[in-house]
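Participant: Pasting the sequence and the predicted model now:
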Amino acid sequence: MRLLAAAGALVSACLAAAPAAAQAEDQAAARVLFAEGRRLMKEGQYEQACPKLEAASKLHPGSGVRLNLADCFEHIGRIASAWAEFGEAAAVAKQSNRSEDELEAHKRQAALEPRLSRVLIRVTRSVDGLVVKRDGRIIDRGAWDTPLPVDPGNVALTAEAAGYAPWSQSIKITAPGTTNVVIPALAQLEGTTATPAPTEPHEKPPSWWTGRRALGVAMTGAGVVGAAVGGVLALSAKSQYNTAENESGAARHNDSVSAVNTGNVASVVLCVGAGVAAGGLVVWLTAPSTTTTVGTNGSQLFVRGTF
């Protein structure tokens, strides 16, 4: 019974250790990236600092990381990205009860509002299956006729539908304010019949059953089998131990040693099996989602160093 209890405790420890270890590694990597990004910002190397802070925010999206990332975006002129990131930082800070960061994020976001550049898409005539994209990303129909924040620079716009000649235009955003873009009525191609597409244009979503999820299931299954084998060995060790208690002399010694050895093997097999199962669970839970979410004091360095 003591062997089984010990084995159960070992399994629990293994299951808890794998996700905790992965999280600790992400935290450590994020801290290194954050520190490097902060150093580059202090040296005025914002173009090099922003990717470091972006990578850190993916591993640890804390309010301090996001505030610094937003500040970095502002310094390289990505005003819309900075504005959005300050908003995210405020939301994260509120959830984690970091009122100082929340106030700072709201203040900085409000200061950027007058500096935002926006693009408003107007469609002259909508047809079945019309897909409008900005820089290769679909603009949902619900976002048409709405000024959407964009970073300054070149913006590529396209419109296409089955059976119609595609349309494209590139515009350059250089100043705050709203730029109106009118998409003309698409010309139907001669000798073709337009094939209606879904009313709500959208990119075909990737399959939910991905290779990563399949790997997670396989690992979890293998781990469960390993843990079961470990359990059988633990029961065998217990049986040998009970037999030894009723014996004496060399037989008692031999069976006791055999029970201990079998118990040790059972513990190792249980731990490995539980670790593999836990790893499979982590792989499953961290599989990418099938949906994607898009996410004045500008001359001063934002010096908050909180992670």
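Facilitator: Looks like it came in fine.

Participant: Tell me the spacing between Trp144 and Arg118.
Facilitator: 13 Å (CB to CB, to the nearest Å). In this view, the C-beta of every residue, glycine as well, is placed from N, C-alpha and C.

Participant: low-confidence ranges in the stretch 101-250 of the chain?
Facilitator: Where the stretch 101-250 of the chain drops to pLDDT under 70, the residues are 191-213, 216, 223, 226-227, 230, 237, 240-241, 244, 247-250.

Participant: could you pull out the strands for it?
Facilitator: For the stretch 101-250 of the chain, strands defined by DSSP state E, counting those that start in this stretch occupy the ranges 117-123, 131-134, 137-138, 148-150, 153-160, 167-173, 177-183.

Participant: so can I have JSON lines of these showing mean neighbour count and distance to Ala30?
Facilitator: Listed next are the strands of the stretch 101-250 of the chain as JSON lines, based on neighbours: other CB atoms under 10 Å; distance: least, CB to CB, whole Å:
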{"stretch": "strand 117-123", "mean neighbour count": "17", "distance to Ala30": "31"}
{"stretch": "strand 131-134", "mean neighbour count": "18", "distance to Ala30": "31"}
{"stretch": "strand 137-138", "mean neighbour count": "12", "distance to Ala30": "27"}
{"stretch": "strand 148-150", "mean neighbour count": "18", "distance to Ala30": "27"}
{"stretch": "strand 153-160", "mean neighbour count": "16", "distance to Ala30": "28"}
{"stretch": "strand 167-173", "mean neighbour count": "13", "distance to Ala30": "32"}
{"stretch": "strand 177-183", "mean neighbour count": "14", "distance to Ala30": "37"}
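
Participant: Among those strands, which comes closest to Ala234?
Facilitator: strand 137-138 (54.6 Å; CB to CB).

Participant: Which among the strands of the stretch 101-250 of the chain is found nearest to Ile76?
Facilitator: Nearest of the strands of the stretch 101-250 of the chain (CB to CB): strand 153-160, 10.9 Å.
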